[in-house]
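> Need coordinates for the below:
(one chain, ligands or ions: 2)
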Amino acid sequence: MIRPTFVGAIDQGTTSSRFLIFNQKGDMVATHQLEFPQHYPHSGWHEQDPEVLVSSVETCINGAVEEFENAGHTREQIVAVGITNQRETTVVWDKTTGKALHNAVVWTDARSQELVRKLKHRIGSGELISRCGIPLSTYPSASKLLWLLENAPAVKEAYEAGTLAFGTVDSWLVYKLNGGPARNIHVTDPSNASRTMFMNIETLEYDDDLLDWFRIDRKKVTLPKIVSSSHPQAYGSLTFTALKGARITGCLGDQSAALVGQKGFTAGLAKNTYGTGCFLLYNVGPKPVISKHGLMTTVAFDFGEGKRMYALEGSIATAGSSVTFLVENFGFIESPSKLSALAEEVEDSGGCTFVTAFSGLFAPYWIDDARGTIFGITAYTKRGHIARATLEATCFQTQAILKAMEKDSGAPLTELRVDGGMCASDLIMQTQSDFIGFPVNRPGMRETTALGAAMAAGFAVGVWKSFEDLKDVNNEGRTIFRPQISEKEARKRFARWEKAVDMSRGWLNEAEV
Ligand SMILES: Nc1ncnc2c1ncn2[C@@H]1O[C@H](COP(=O)(O)OP(=O)(O)O)[C@@H](O)[C@H]1O
Ligand SMILES: O=P(O)(O)OC[C@H](O)CO
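Ligands and ions are numbered 1, 2, ... in the order given. A predicted model of the protein is given here:
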């Protein structure tokens, strides 16, 4: 009897790690998830312990494999493992010891604001986007690495000694899961490398001019080798966990993985992932499109010759984290899943607009000096109004990103595929459709990020041979939300949002940014 094959996916996100196991039909058959501690040492700083990221992944693999075997399968049936990860988050380690030299500096961390402000005055700062696809900000890895080189003595010492290794979370996990310095597998894929500002967006190789501009000496720091997102050998294999010996054959940044998991393989398809932040990726085809309207260009995926696609991306820094903020900082609700019920106690936001600029505003505005601001509070305002204004903030920012995408691509979208924690809320998805004026399509199985990583891994070992093989995956249980308000009403609400964004500008002085 031929036993079915399965593919595993490590999903290392901002707030939790997961391991999921999929069968060939793309059904999820086992899963394990673990939240891990976040560290906020100063206002605007956000760190994670790199060793904890690895141990959380180990726990998740072991937990999911146990569930898988309890269901009557054996671990040998898992023929490949894919990795997907929070992007930009910067890890530095010593390549002789394999030990991290600093906590990971998370993508949301804004400590490099002052450094970025100075860099913006350096000649050529405005041209960076045409080479790497991303404008200068605290968000990509580049300024985080520069900050560490200037401020963390252990990192500086390793740099001077030539033993410093840099990587995003994918590289770190691959390196550690392969046993660290013994094998020294230090690789990344183009979807992750395109978030560093060090990679040339056309050639998918490190660009010496970019590194020179940042004054980073390549002889003193080892960058991960950039290899295809789906590769049978380059990522090595697991040297520990319940899946010891299993090959890692796929690697994608989590937003790229979600686009793949949503089967956004062809130009014109788009997805929006509502997690801690919110990220809208629009497949623009095999050639990069450089945005003129505040978006980024990113590698959607690179599955080898003829199967490389680019995306325009709109990133929102604060999305699900604004809901968590209401839960944890104010005890407004017991858990994020209760947000919609509170918001439904009222009919609208009661005139309140919440600009959730906790660490400035990302796309398409890029306002560093804004901070979270609620406009329109009166004696009438109730908790429900604030709940509604909170969920609307993410929907408005998505609307603004879509407007920018339309201008850059010249083609209006007609459907938005969605996933991520916040999309569990029908109210949020309905609000989104109302604002953008076209359907929002939510899949039944929402672990699309992990599914995308599994697809990348499965392609490399022949579990799936073409995109066509995936056409039936995750089609069941979809919900389509269609607009229920008029275009005129949507325009009126959006104008009020834009006014609030304008009024939130300049809250911080230049020196405070
Ligand atoms: N029912 C819900 N309504 C609104 N927000 C939610 C709901 N469920 C989860 N969230 C939010 O979604 C986020 C988690 O989504 P997830 O996709 O797991 O995030 P990540 O991958 O960034 O760790 C949390 O910030 C949480 O506040
Ligand atoms: O972990 P998530 O889902 O919040 O995604 C983080 C993004 O990759 C940051 O760019």
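
> and the residue in the stretch 201-350 of the chain that ligand 1 sits nearest to, how many residues sit next to it?
At 2.5 Å from ligand 1, Gly320 is the closest residue in the stretch 201-350 of the chain, using C-beta to the nearest ligand atom. To be clear about C-beta, it is placed using only N, CA and C from the backbone, and glycine gets the same treatment. Counted by other C-beta atoms under 10 Å, the residues lying close to Gly320 total 23.

> again, but for Arg215
As a burial measure, Arg215 scores 9 neighbours (other C-beta under 10 Å).

> Close to ligand 2: what parts of the stretch 51-200 of the chain are there?
Counting by C-beta under 6 Å from any ligand atom, the stretch 51-200 of the chain comes close to ligand 2 at 86-88, 107.

> try 8 Å
85-89, 107-108, 139, 195 (C-beta under 8 Å from any ligand atom).

> Could you list which of those belong to helices?
Judged by DSSP state H, helices contain none of these.

> Looking at those residues, which is nearest Arg417?
Arg87 (19.4 Å; C-beta to C-beta).

> The stretch 201-350 of the chain: helices as residue ranges?
Along the stretch 201-350 of the chain, counting by DSSP state H, counting those that start in this stretch, helices occupy 208-213, 254-261, 320-328, 339-343.

> most tightly surrounded among the ones you listed?
With neighbours taken as mean count of other C-beta atoms under 10 Å, those reach their highest mean count in helix 254-261, at a mean of 32.

> same for that helix, what does it pack against?
Counting contacts by 3 or more C-beta pairs under 8 Å, 6 or more residues apart in numbering; DSSP states H and E, helix 254-261 packs against strand 78-85, strand 270-274, strand 278-285, strand 296-302, strand 308-316, helix 448-460.

> re the thing from before, need the helices of the stretch 201-350 of the chain in CSV with mean pLDDT and distance to ligand 2, can you?
Below are those laid out as CSV (pLDDT from 0 to 100; distance: least, C-beta to the nearest ligand atom, whole Å):
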stretch, mean pLDDT, distance to ligand 2
helix 208-213, 96, 19
helix 254-261, 97, 5
helix 320-328, 95, 8
helix 339-343, 96, 17
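
> For those helices, could you give me a markdown table that also reports distance to Arg442?
Converted to a markdown table, the helices of the stretch 201-350 of the chain look like this (distance: least, C-beta to C-beta, whole Å):
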| stretch | distance to Arg442 |
| --- | --- |
| helix 208-213 | 38 |
| helix 254-261 | 13 |
| helix 320-328 | 15 |
| helix 339-343 | 14 |
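
> quick one on the thing from earlier: tell me the contacts of the residue of the stretch 201-350 of the chain closest to ligand 1?
With contact set as C-beta atoms under 8 Å, 6 or more residues apart in numbering, Gly320 has these partners: 274-278, 336, 420-422.

> Considering those residues, which possesses the most neighbours?
Neighbour-wise, the contacts of Gly320 (other C-beta under 10 Å) top out at Cys278, 30 neighbours.

> what's the nearest residue to that residue if we skip its chain neighbours?
If the residues on either side of it in the chain are set aside, Cys278 comes closest to Ala319, at 3.6 Å by C-beta to C-beta, 6 or more residues apart in numbering.

> Ok, Leu204 next?
Closest to Leu204 by C-beta to C-beta, 6+ apart is Pro190, at 4.6 Å.

> so what does the helix or strand bottoming out on mean pLDDT in the chain touch, helix or strand wise?
Scoring the helices and strands of the chain by mean pLDDT, DSSP states H and E places helix 113-119 at the bottom, with a mean of 92. Applying 3+ C-beta pairs under 8 Å, 6+ apart, we find helix 113-119 packed against helix 141-151.
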